[in-house]
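Participant: sequence-free structure coming up:
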């Protein structure tokens, strides 16, 4: 009996010891990201597995969050001192989480990586303020106008000459409708997608400044009103359920031919052939149209990684992991989490074989090049004037741009009334 | 003296044992209900914007701001519509279903088992299913209605101001009425056969039997259900948020959704806490009023 008890005790001790890593000197790095689709998680895991194999002293593990509850979970984890070492972020999210005091400046690490891999300025600028860099950019995303060439042809439109101006866009939409095709789908929901879509048109219409140089709200201006009037016309030509759209619906509508034009990021490339049942050559892409007195441009935003640990050992492990992750060979493979959507943020990866050799990127090479070109004209609300307005987190978090669109579309306010409401709401948010 | 001492010691042992038994539960309640409640009340008197940030005492400012806030009153109104809508629909459907499945018919067991299917589906699954069923571009419901020539244009169930609230109430009712039906069914089975036999002898018809026998005997059960159901219903957040996120344009924004938006999208934990406290006070007043006016809760009825 005693023998059995002793054996059981030893087994228990071993189990506890293993669970607390007593015998291994591994440094554990937890990464929280919001790339939920299983295929993205799988690609990321492959990259992590390879790193863990090469570095037995470090154990990197990923955990997936949803953007919808990322804020709550992050704050709760910080309060419980269980924050991950690396937290994926967006520029406006960084301004909010930074206020907790746990986000570490990454200047040294960024400079080392920048020297080796040459980051694109537009990717790092939204993370650089208050004398520091607060996140390492991971990949960029840019809005484009996607259109179905087969449906354009059916409507008698030239598929190789997509609309470039707002007038041409409206004309094309009407012509598509005359041929029984819903011309365009733009969102009017209380969602980040609507924030992004309306802001792309605001950039095109020259209404991209929400703040002036003194940080005051200047949302209510003639250019914004003109943009909202035009957007309202587009909504009137969109499927009526666009008032509830999130990311999935427009892509599905586009791929099954319900709509011929959509304004979105590059995630349209990957599943297009399979879901639409037509050849990939029928997918057209062009810069977001702009008015005669407007400018080329659309929303561009870099995702990033914040570092939430001060522990030297962990910081060394993080540095090792990021050095690995930004090696062009690895970085190109990593961006294949969603080929076409995730654009490189370093010139090293932009010129790497591993990025361009991905089958989807290779298939739609011209469109990917067009996205990279478009990203040079990209902007992000709150991150203009070469400075960062740290109040933007409160405006973006509430989706006030989207709410303003909803006031106009759903509640039937005039663009002037809706924008007046939006400006008041923004002022209240940053009070 | 010795006996008294013995009794005291035995009482002490018993009460200590009792305290030990209920201590874990008490601690749990303190940690999960009392502490968060006190913390919420405290935050409602500060200017805290997000959890963990610095804050200072601001007195009743948050309450004054809320009382002046049109959106708060709009959400309050939506909560009332939501609660009454759910209560009416669920009572009618639950009652009718319970009366039907209380009858003798073939397949009764099967119906009684499968009726609770909607109740056991996780909310997230339910929300996804209904979002796609009701989608106006590719949803099956619009497709069927159009195929049957019942409508010319697809109905924007969740995206229009007129349709969103009734649709969300319908979905929540669809989910919860089987639960009500099962409770009513259980109560129906406790009613003895004698009153019905006596009513038959007196020549009462089905409606009279329902009004004068079934309903009065179900009243205690219905009263409790009315109280719990109202509290439950007004606090529902998940179904609404997953289906519409309170939209379109605030069309389904009830108080719990309003609180969530304030806390986690506007980063205004102070206003969220104040709204939650106001809802708590409203519900407390409702409970006291309900218990006072509802005969089921009168002391003499409890003693019977």
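Facilitator: Sure thing, it's come through. Please read all numbers here as calculations on a predicted model, not as lab measurements.

Participant: Poorly predicted segments of chain B, please.
Facilitator: B:1-11, B:51-52, B:298-304 (pLDDT under 70).

Participant: Return the nearest residue of it with respect to chain A.
Facilitator: Among the residues of chain B, residue B:159 lies closest to chain A, at 3.6 Å counting by Cβ to the nearest Cβ. (Glycine included, C-beta is placed from N, CA and C.)

Participant: Pull up the residues of chain A that are close to chain B.
Facilitator: Contact residues (Cβ under 8 Å from any Cβ of the partner chain) of chain A with chain B: A:69, A:71-72, A:75-76, A:78-79, A:96, A:99-100, A:189-191, A:239-244, A:249, A:252-253, A:256, A:258, A:393-394, A:397-399, A:403, A:406-407, A:410-411, A:429.

Participant: Which ones among those residues lie within helices?
Facilitator: Applying DSSP state H to the residues of chain A next to chain B, the entries found in helices are A:71-72, A:75-76, A:78-79, A:96, A:249, A:252-253, A:393-394, A:397, A:403, A:406-407, A:429.

Participant: which of those are buried?
Facilitator: The neighbour-count test (16 or more other Cβ atoms under 10 Å in any protein chain shown) applied to these identifies A:71, A:75, A:78, A:96, A:249, A:252-253, A:393-394, A:397, A:403, A:406-407, A:429 as buried.

Participant: So the residue of chain B closest to chain A sits against residue B:135, correct?
Facilitator: No. Between residue B:159 and residue B:135 there is no contact, the gap being 9.4 Å when judged by Cβ atoms under 8 Å.

Participant: Show me which of those two is the more surrounded one.
Facilitator: Set residue B:159 next to residue B:135 and count neighbours by other Cβ atoms under 10 Å in any protein chain shown: residue B:159 wins out with 28 against 25.

Participant: which residues does the more buried one contact?
Facilitator: A:189, A:240, A:241, A:242, A:243, A:244, A:410, B:136, B:247, B:248 (Cβ atoms under 8 Å, 6 or more residues apart in numbering or on different chains).

Participant: Now do the contacts for the fourth one.
Facilitator: Residues in contact with residue A:242 (Cβ under 8 Å, 6+ apart) are A:185, A:186, A:187, A:188, A:189, A:235, A:249, A:250, B:159.

Participant: out of these, who has the most neighbours?
Facilitator: Busiest of the contacts of residue A:242 [other Cβ under 10 Å] is residue A:188, holding 31 neighbours.

Participant: how close does the residue lying closest to that one once chain neighbours are set aside get to residue A:189?
Facilitator: Spatially, and ignoring its direct neighbours in sequence, residue A:188 is nearest to residue A:409 (4.2 Å; Cβ to Cβ, 6 or more residues apart in numbering or on different chains). Residue A:409 sits 9 Å away from residue A:189, taking Cβ to Cβ, to the nearest Å as the criterion.

Participant: Need the phi and psi values for the residue positioned nearest the centre of chain A.
Facilitator: The geometric centre of chain A, computed from its C-alpha atoms, lies nearest to residue A:141 (Cα atoms, centre = their mean), at 5.3 Å. Main-chain torsions, residue A:141, degrees, to the nearest 10: phi -130, psi 140.

Participant: Confirm for me that it is in contact with residue A:342.
Facilitator: Yes. Here residue A:141 reaches residue A:342: they are 7.2 Å apart, a contact under Cβ under 8 Å.

Participant: okay, and the common contacts of the two?
Facilitator: Residues within reach of residue A:141 and of residue A:342 at once, by Cβ under 8 Å, 6+ apart, are residue A:266.

Participant: Domains in the chain, by residue range?
Facilitator: All of this is about chain A. A:24-141+A:301-375, A:142-299+A:385-429 (automatic domain parsing).

Participant: let's do chain B instead
Facilitator: Domain assignment for chain B by automatic domain parsing gives B:1-43, B:61-303.

Participant: Quick one: closest of those to residue A:262.
Facilitator: domain B:61-303 (12.8 Å; Cβ to Cβ).

Participant: I'd like the distance from that closest one to the chain centre, please.
Facilitator: 7 Å (Cα atoms, centre = their mean, to the nearest Å).

Participant: For residue 184, which non-adjacent residue is closest in space?
Facilitator: Picked chain A for this. Leaving aside its chain neighbours, residue A:184 sits nearest to residue A:261 (4.2 Å; criterion: Cβ to Cβ, 6+ apart).

Participant: that answer is for a different chain, and I need it for chain B
Facilitator: Nearest non-adjacent residue to residue B:184, counting by Cβ to Cβ, 6+ apart: residue B:98, 3.7 Å away.

Participant: Tell me who's in contact with the nearest residue to residue A:403 once chain neighbours are set aside.
Facilitator: Closest residue to residue A:403 apart from its sequence neighbours, by Cβ to Cβ, 6+ apart: residue A:190 at 6.1 Å. By Cβ under 8 Å, 6+ apart, the contact set of residue A:190 is A:399, A:402, A:403, A:406, B:245, B:246, B:247, B:248, B:249.

Participant: ok, 6 Å please
Facilitator: Going by Cβ atoms under 6 Å, 6 or more residues apart in numbering or on different chains, residue A:190 touches A:399, A:402, A:406, B:245, B:247.

Participant: Let's have the residues you listed in a markdown table, adding distance to residue A:288.
Facilitator: Putting the contacts of residue A:190 into a markdown table (distance: Cβ to Cβ, whole Å) gives the following:
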| residue | distance to residue A:288 |
| --- | --- |
| A:399 | 20 |
| A:402 | 17 |
| A:406 | 21 |
| B:245 | 26 |
| B:247 | 25 |
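
Participant: Of those, which is the nearest to residue B:53?
Facilitator: residue A:399 (21.5 Å).

Participant: Would you confirm that the closest one contacts residue A:196?
Facilitator: No. Counting by Cβ atoms under 6 Å, residue A:399 does not reach residue A:196; the two are 10.0 Å apart.

Participant: Could you tell me how many residues sit around residue B:102?
Facilitator: Counted with other Cβ under 10 Å, residues neighbouring residue B:102 total 16.

Participant: What separation is there between it and residue B:181?
Facilitator: Taking Cβ to Cβ, one finds residue B:102 at 10 Å from residue B:181.

Participant: Same question for residue A:118.
Facilitator: 67 Å.

Participant: More neighbours: the two, which one.
Facilitator: residue B:181 (25 against 14).

Participant: quick one: contacts for that one?
Facilitator: B:94, B:97, B:98.

Participant: any idea which element it lies in?
Facilitator: helix B:161-188 (DSSP states H and E).

Participant: helix or strand right after that helix?
Facilitator: From helix B:161-188, the next helix or strand downstream (DSSP H and E) is helix B:194-202.

Participant: Give the buried residues for that next one.
Facilitator: B:195, B:199.

Participant: Any chance you could list what contacts it?
Facilitator: By Cβ under 6 Å, 6+ apart, helix B:194-202 touches B:209, B:213.

Participant: same thing but at 8 Å, please
Facilitator: Contact with helix B:194-202 is made by B:208, B:209, B:212, B:213, B:217, as judged by Cβ under 8 Å, 6+ apart.

Participant: Those residues, buried ones only, as a PyMOL selection?
Facilitator: Only the buried entries of these go into this PyMOL selection, using 16+ other Cβ under 10 Å:
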select buried, chain B and resi 209+213
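
Participant: Among the contacts of helix B:194-202, which one sits closest to residue A:322?
Facilitator: residue B:217 (71.4 Å).

Participant: From residue B:181, how far out is the nearest residue to the closest one once chain neighbours are set aside?
Facilitator: Ranked by Cβ to Cβ, 6+ apart and with sequence neighbours excluded, the top spatial neighbour of residue B:217 is residue B:191, at 4.9 Å. To residue B:181, residue B:191 is 16 Å away according to Cβ to Cβ.

Participant: From the chain's centre, how far out is the one helix or strand residue A:285 maps to? Work that out for me.
Facilitator: Assessed by DSSP H and E, residue A:285 sits inside strand A:283-286. A distance of 20 Å separates the C-alpha centroid of strand A:283-286 from that of its chain, computed with Cα atoms, centre = their mean.
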